[in-house]
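> Sharing a sequence plus its predicted fold:
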Amino acid sequence: MNKLIVIVGLAFSLSVLAQEQELEPKWKTKARTIITSIVGESWGEKLLGPVPVLPAPEMKLPKIPIQFKKSTDVGSYIKLKKTSTEYDRLPSERKRQFDYKFLQELFLATRRTEAKDEDLSSWLNTLDQGGSREGVYQALVLDEVYAALENMEEIPKERLLDLSLKFSQRFLNQTFKKESLKKLNLYSIKRILSEKSLDLMEYYEVNNLEDLYHWYAIFSSEIAKDYAPILKTQIRQDQRVNFHLEWARNMPIQHIKSEFIIKLHIVMNALQFLE
């Protein structure tokens, strides 16, 4: 008991040293150091509270222009070049394995059916010859198969509509009317939101790559916080915005776009069909 009285008195006497405040007053930091050295960290926290920690800096969305649809101006298509990434230096066969996995996920996320072997082989050859992942996606949602899916009679669930409205307002700076979206089905809504997002990502790709990385990172962090169980893989479930930012900085642009497409489609599928 006498030791405790001495410690409390020491902590009080050090209060006269308080002049500046950073994470905590300097007198408290000195008191915490002395108390911890005498009776351990637990008493330091009991008497002075937990050790303060710097809050993680909040990452803000980059500016989203009101109009970012592709124009007829040739200059608007001159994209910024990204330096070579670790992925770019992988052997061709290893890249092929990643592309194969991407195609499997893409078919399942967009059409909700597994890809046939002949489809995988054909599109894998397209990617081998320099085709883009974005181009494969656009081909899949503009063909007759997807057109048939968009013509299906299917009322979108309220939770799907809520996500669509929230996403479009926050990440596209656009406001849709819920009544208008109710006239569409899941497949139409997925395509429309993805196309508008790809237009915005291309705008960033032309003007500022860091804006593209930040936009993607914030989207990935927030979708993980809200729908982690749906996303399943550990990387996609990670809620740290800085983790997704560094991932984007270290991956090819096409991989950023394809990851965005698959995440959005997976979540929207689940909101429509999972009970």
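Now that the structure is in, tell me what you want to look at.
> where does this protein dip in pLDDT?
Scanning the chain for pLDDT under 70 picks out 1-23, 53-57, 69-77.
> Provide the backbone phi and psi angles at the residue at minimal distance from the centre of it.
In the chain, the C-alpha nearest the mean C-alpha coordinate belongs to residue 220, at 1.2 Å (Cα atoms, centre = their mean). Dihedral pair for residue 220: phi -60, psi -40, per degrees, to the nearest 10.
> For it, give me its contacts.
Counting by Cβ atoms under 8 Å, 6 or more residues apart in numbering, residue 220 touches 236, 238, 241, 244, 259-260, 263. For the C-beta atoms, the positions are set from N, CA and C on the backbone; glycine is no exception.
> Of these - the most surrounded one?
Using other Cβ atoms under 10 Å as the neighbour test, those are led by residue 244, with 27 neighbours.
> quick one: residue 259 from residue 220, how far?
For residue 259, the distance to residue 220 equals 8 Å [Cβ to Cβ, to the nearest Å].
> intersection of neighbour lists for those two?
Taking Cβ under 8 Å, 6+ apart as the criterion, residue 259 and residue 220 both touch residue 236.
> Would you mind checking which of the contacts of residue 220 is nearest to residue 199?
Distance ranking of those against residue 199, using Cβ to Cβ, places residue 260 first at 12.5 Å.
> which residue packs closest to that closest one, ignoring adjacent ones?
Counting by Cβ to Cβ, 6 or more residues apart in numbering, residue 216 is the residue found nearest to residue 260 once chain neighbours are left out, at 6.1 Å.
> what do you get for residue 172?
residue 196 is the one closest to residue 172 (Cβ to Cβ, 6+ apart), at 5.4 Å.
> I'd like to know how many residues surround the one you found.
Other residues within reach of residue 196, judged by other Cβ under 10 Å, total 17.
> Which helix or strand contains it?
For residue 196, the element it lies in under DSSP states H and E is helix 186-207.
> just checking, what packs against that helix?
helix 133-141, helix 144-150, helix 158-171, helix 209-231, helix 253-273 (3 or more Cβ pairs under 8 Å, 6 or more residues apart in numbering; DSSP states H and E).
> per-domain residue ranges of the chain.
Domains of the chain are assigned by automatic domain parsing as 2-48, 74-273.
> Pick the most buried one from the ones you listed.
Stretch with highest mean neighbour count among the domains of the chain: domain 74-273 (a mean of 16; mean count of other Cβ atoms under 10 Å).
> So residue 200 sits against residue 64, correct?
Yes. Counting by Cβ atoms under 8 Å, residue 200 does reach residue 64; the two are 6.7 Å apart.
> quick revisit: any chance of the helices and strands packed on helix 186-207 in JSON lines with distance to residue 46 as columns?
Shown next, in JSON lines, are these (distance: least, Cβ to Cβ, whole Å):
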{"stretch": "helix 133-141", "distance to residue 46": "55"}
{"stretch": "helix 144-150", "distance to residue 46": "62"}
{"stretch": "helix 158-171", "distance to residue 46": "42"}
{"stretch": "helix 209-231", "distance to residue 46": "33"}
{"stretch": "helix 253-273", "distance to residue 46": "44"}
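> The domains of the chain: which one's closest to residue 58?
domain 74-273 (8.8 Å).
> What is the distance between that closest one and the centre of its chain?
Averaging C-alpha positions (Cα atoms, centre = their mean, to the nearest Å) puts domain 74-273 11 Å from its chain's average.
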